[in-house]
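**Q** okay, predicted coordinates and the sequence, questions at the end:
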Amino acid sequence: MTEARISVDREAVVAPLNRRIFGSFVEHLGRCVYDGIYEPGHPTANEDGFRLDVVELVKELGSTTIRYPGGNFVSGFRWEDSVGPRDQRPVRRDLAWHSIETNQVGVDEFSRWLKLTGSELMMAVNLGTRGIEAALDLLEYSNHPSGTALSDQRIANGTVEPHNIRMWCLGNEMDGPWQTGYMTADDYGKLAARTAQAMKTADRDLELVVCGSSGSSMPTFGDWERTVLEHAYEHVDYISCHAYYQERGGDLGSYLASSLDMQYFIETVVATADHVGNKLKSKKKIKLSFDEWNIWYLDEHQASDEVNDEWRVAPRQLEDVYSVADAVVLGNLMITLLKNHDRVASASLAQLVNVIAPIMTEPGGDAWRQTTFFPFSVTSRLAKGEILKPRIDAGTYETKVYGEAPLVDSVVTTDGADSAVFLVNRSQTEAITVTVNVAELGAQTVTEAVTLWDDDVYAKNTLADQNRVGLKDLEGVVLQGGVLTVTLPPVSWSAVALA
Ligand code: AHR
């Protein structure tokens with residue numbers, strides 16, 4: 001089948017768009033911070049040492065809330081090391097990534113960087129080697145206006161206004177045996193509940209994220225969420241989900257259908273959270289914070305750069321170079337996040353610069369866009385108003401991992417004046433002509449129609465060839481009588497903007 005039909009029902013609203021769904025993640029890992037966003041000697045660096053060429057790309061990417069400072073890193077993080085006069089900050093070992101942390105960038109500098117990019121900070125506290133007291137101290141340092149030991153310390157360090165951080169993660173991936181100080185669900189649930197209760201005593205309007213599973217293939221998946229929420233339900237607002245995808249064993253068909261796993265993951269966590277909420281007779285619904293999601297060729301890294309006994313500052317770690325196929329999968333994962341936006345209220349593309357990232361840099365040199373940059377930036381720019389879940393009538397194909405998978409996926413957004421249709425064609429061989437009934441959107445004109453595809457699905461942007469892959473015009477788009485007709489190339493992600 002090379003045709004598909006989509007119809008848009010103006011009433012089928014998933015949720016109003018909360019721009020936190022376009023969040024990202026900056027971890028003290030590899031070259032994400034050092035030689036990534038921060039490189040004092042770079043020709044574009046500002047007085048804080050932040051690269052302004054990277055700032056421009058981050059703005060173009062359109063990422064919103066940024067999770068910081070980890071990740072696995074946070075489970076050994078002593079926040080006090082990262083503030084105060086830079087020449088007095090201790091140099092530490094980071095056990096998570098087996099590297100040296102110089103602490104030249106910390107809470108105050110990163111908050112200044114966020115102002116440059118127009119982003120919001122989502123802070124994680126260390127529940128691996130530390131606990132309630134350190135979390136409360138960081139909260140006081142960051143958010144208390146003045147007149148206490150730690151708020152006055154912040155002011156003395158040069159930051160007069162409080163950072164006013166709203167979203168806080170209660171540790172990171174505490175279910176993972178790789179995590180410094182990892183715990184059982186029962187132990188973590190109790191610690192998270194007590195930490196959350198204490199933090200909300202200081203500020204009841206904080207939005208707190210409790211750790212869910214590190215992936216849907218974790219042996220404790222489901223049970224972990226249930227146990228943790230049985231302890232922490234009334235104290236927290238979100239439960240986290242983390243998922244990374246990669247093509248395995250040359251099975252492109254299954255890889256292109258990765259969003260089916262994300263859908264299963266979301267539905268399972270929602271069902272589990274609601275089960276606990278109902279059991280507790282709670283009036284509130286727990287939201288999902290999908291605060292790590294991306295493509296990550298994890299199997300290949302385990303076999304290469306991470307196995308190194310040296311203690312290095314900002315080593316090249318997790319520097320995946322992404323293909324067209326990777327970008328199509330990423331665009332599809334964004335469609336899935338949007339379709340579940342009634343429960344997935346926040347999400348963070350992991351990560352932002354150099355480390356499994358849409359933006360790459362060279363020390364003293366260029367910054368450029370990976371293939372995955374494009375679906376993220378276009379979706380963030382065009383999505384407005386409300387998310388609509390369209391009805392999709394398309395053929396299917398057989399995958400080894402997921403069985404039958406639809407060939408086409410799509411989501412629609414509209415604010416009444418401007419609308420956008422996002423589409424994916426998962427077929428490896430066929431272009432698919434899709435008719436989209438957009439009559440209920442009242443659209444009169446097509447204002448933009450772009451696609452990401454290439455004859456070579458493994459084409460990439462590299463240091464030597466930074467613009468090999470980019471957006472192309474989607475040819476032959478017609479809007480007539482309330483029906484939009486588009487032809488999606490094989491293995492492609494596309495967006496059509498309507499006014
Ligand atoms: O994003 C890279 C790592 O993936 C994070 O540090 C960790 O939380 C996850 O396992």
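**A** Now that the structure is in, tell me what you want to look at. Numbers count the residues shown, from 1 in each chain.
**Q** residues from the stretch 251-400 of the chain in reach of the ligand?
**A** Counting by C-beta under 6 Å from any ligand atom, the positions of the stretch 251-400 of the chain adjacent to the ligand are E292, A350, Q351. C-beta: built from backbone N, CA, C; applies to glycine.
**Q** secondary structure element for the first one?
**A** Here E292 sits within strand 287-295, counting by DSSP states H and E.
**Q** of all the residues of the stretch 251-400 of the chain next to the ligand, which comes closest to the ligand?
**A** Checking those against the ligand by C-beta to the nearest ligand atom gives A350 as the nearest, at 4.2 Å.
**Q** what about the closest one, neighbour count?
**A** Residues lying near A350 (other C-beta atoms under 10 Å) number 27.
**Q** and for the one 3 residues further on?
**A** Neighbourhood size, V353 [other C-beta under 10 Å]: 25.
**Q** quick check: it vs G36, distance?
**A** 4 Å (C-beta to C-beta, to the nearest Å).
**Q** same deal with R5?
**A** 44 Å.
**Q** please apply the same query to V434.
**A** Taken as C-beta to C-beta, the span from V434 to G36 is 38 Å.
**Q** how is the protein partitioned into domains?
**A** Domains of the chain are assigned by automatic domain parsing as 2-9+388-498, 18-382.
**Q** any idea which of those is most buried?
**A** When those are scored by mean count of other C-beta atoms under 10 Å, the highest mean neighbour count falls to domain 18-382 (a mean of 20).
**Q** what is in contact with V353 and G36 at once?
**A** V54, T361 (C-beta atoms under 8 Å, 6 or more residues apart in numbering).
**Q** hmm, T414 and E386 touching each other?
**A** Yes - using C-beta atoms under 8 Å, E386 is in contact with T414, at 6.1 Å.
**Q** and stretch 33-41, anywhere near the ligand?
**A** No - residues of stretch 33-41 are not located near the ligand by C-beta under 6 Å from any ligand atom, the shortest gap being 12.7 Å.
**Q** up against the ligand, what does the stretch 101-250 of the chain have?
**A** N172, E173, S214.
**Q** let's have these in CSV, adding pLDDT and secondary structure.
**A** Output for these, formatted as CSV (pLDDT from 0 to 100; DSSP: H, G, I helix; E, B strand; the rest coil):
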residue, pLDDT, secondary structure
N172, 98, coil
E173, 98, coil
S214, 97, coil
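**Q** just the helices in this protein please.
**A** 52-61, 107-117, 132-143, 149-156, 185-202, 223-232, 252-256, 259-279, 298-302, 324-339, 373-382 (DSSP state H).
**Q** name the helices or strands packed onto the third one?
**A** Okay, so that is helix 132-143. helix 107-117, strand 120-125, helix 149-156, strand 167-170, helix 185-202 (3 or more C-beta pairs under 8 Å, 6 or more residues apart in numbering; DSSP states H and E).
**Q** for the record, mean pLDDT for the third one?
**A** Over the span of helix 149-156, the pLDDT mean works out to 98.
**Q** now that helix: how far from the chain's centre is it?
**A** Distance of helix 149-156 from its chain centroid, counting by C-alpha atoms, centre = their mean, to the nearest Å, is 32 Å.
**Q** which residues touch that helix?
**A** V83, G84, D108, D137, E140, Y141, S142, H144, P145, S146, P162.
**Q** my guess is the last one contacts P145, does it?
**A** When you say that, I think you mean P162. Yes - in terms of C-beta under 8 Å, P162 counts as a neighbour of P145; the distance is 5.4 Å.
**Q** contacts only, for L498.
**A** In this structure, L498 makes contact with 418-421, 438, 441, 443-447, 479, 484, judged by C-beta under 8 Å, 6+ apart.
**Q** for the residues you listed, which one is nearest the ligand?
**A** Once C-beta to the nearest ligand atom is applied, the member of the contacts of L498 that ends up nearest the ligand is A420, at 28.6 Å.
**Q** dig out what the closest one forms beta bridges with.
**A** Per DSSP bridges, the residues bridged to A420 are T413, A497.
**Q** quick revisit: so which of the helices and strands packed on helix 132-143 gets nearest H235?
**A** helix 185-202 (3.7 Å; C-beta to C-beta).
**Q** chain center to that closest one: distance?
**A** Using C-alpha atoms, centre = their mean, the offset of helix 185-202 from its chain centre is 24 Å.
**Q** so what does it touch, helix or strand wise?
**A** helix 132-143, strand 167-170, strand 207-210, helix 223-232.
**Q** quick one: contacts for the residue lying closest to D205 once chain neighbours are set aside?
**A** Spatial nearest neighbour of D205, excluding adjacent residues (C-beta to C-beta, 6 or more residues apart in numbering): R166 at 7.4 Å. Going by C-beta under 8 Å, 6+ apart, R166 touches E120, D205, L206, E207.
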